[in-house]
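# need a structure here:
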Amino acid sequence: MEQQLIMVVDDDVDVQDFCKIVLERENYKVITFSNSESALEFLTDNTPSVIITDLMMGGIDEGIQFVNKIRDLKNNKSNIPIIMITGIHSKLGYDISPRSEEEKKQMKIDEFISKPLNPKQLLIALKRVIR
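The predicted structure is shown next:
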């Protein structure tokens, strides 16, 4: 069986490495990007099974803009499941996590995880969205 490709987009190399270690241990293939521009370029010719993206990279809403651009893509790429991750709560004390499926739908994401990431939490979210 072919390994499923998981795309991780986060400007924090430690988060990239964490996701890579946890997911490769579960036999996923992982590709990482530090910004949304290079990730979008990769999506031109590739279709990962799931995208895990940070909310705040570079610009404060880069993650949201990235998700919106993905949802506007053609060739079924707009349907790629997206897990949004953020450390805004632990850093700034704000809770922006969606409280319902409707709020996730409004954010155009499939799952939401607060940092610091927990391996079990990451794998549970991934299993929920993987098709």
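# from now on I want contacts and neighbour counts done on CA atoms only, so please keep to that.
OK.
# which SS class is Ser117?
That one is not Ser; residue 117 is Leu. Following DSSP: H, G, I helix; E, B strand; the rest coil, the label given to Leu117 is coil.
# ok, it - how many residues close by?
15 (other C-alpha atoms under 10 Å).
# which pLDDT value goes with it?
Looking at Leu117, its pLDDT reads 94.
# which ones are touching it?
With C-alpha atoms under 8 Å, 6 or more residues apart in numbering as the criterion, no residue contacts Leu117.
# what distance do you get for it to Leu123?
Distance of Leu117 to Leu123, given as C-alpha to C-alpha, to the nearest Å: 10 Å.
# contacts for the biggest helix by length in the chain, please.
Counting residues, the longest helix found in the chain (DSSP state H) is helix 13-25. With contacts defined as C-alpha under 8 Å, 6+ apart, helix 13-25 is touched by 8-10, 29-34, 119, 123.
# among those residues, which two are most distant?
Spatially, the most separated pair among the contacts of helix 13-25 is Ser34 and Leu123, at 21.2 Å (C-alpha to C-alpha).
# which one's more surrounded, these two?
For Ser34 versus Leu123, neighbours defined as other C-alpha under 10 Å are more numerous around Ser34 (18 against 14).
# show me what contacts the nearest residue to that one once chain neighbours are set aside?
In this structure, Ser34 finds its nearest non-sequential neighbour in Asp11, 4.3 Å apart by C-alpha to C-alpha, 6 or more residues apart in numbering. The contact partners of Asp11, by C-alpha under 8 Å, 6+ apart, come to 33-35, 54, 57-58.
# from Ile31, how far out is the spatially most central residue of the chain?
With distances taken as C-alpha atoms, centre = their mean, Ile52 lies nearest the centre of the chain, 1.5 Å away. Per C-alpha to C-alpha, Ile52 is found 10 Å from Ile31.
# got it, and Ile85?
From Ile85 to Ile31 the distance is 16 Å (C-alpha to C-alpha).
# next one: phi and psi at Ile85?
The phi/psi pair for Ile85 (degrees, to the nearest 10) reads phi -120, psi 150.
# show me what contacts it?
52-55, 112-115.
# bridging residues for Ile6?
Val30, Val50 (DSSP bridges).
# my guess is it contacts Lys29, does it?
Yes. With contacts counted by C-alpha atoms under 8 Å, Ile6 reaches Lys29, the gap being 6.1 Å.
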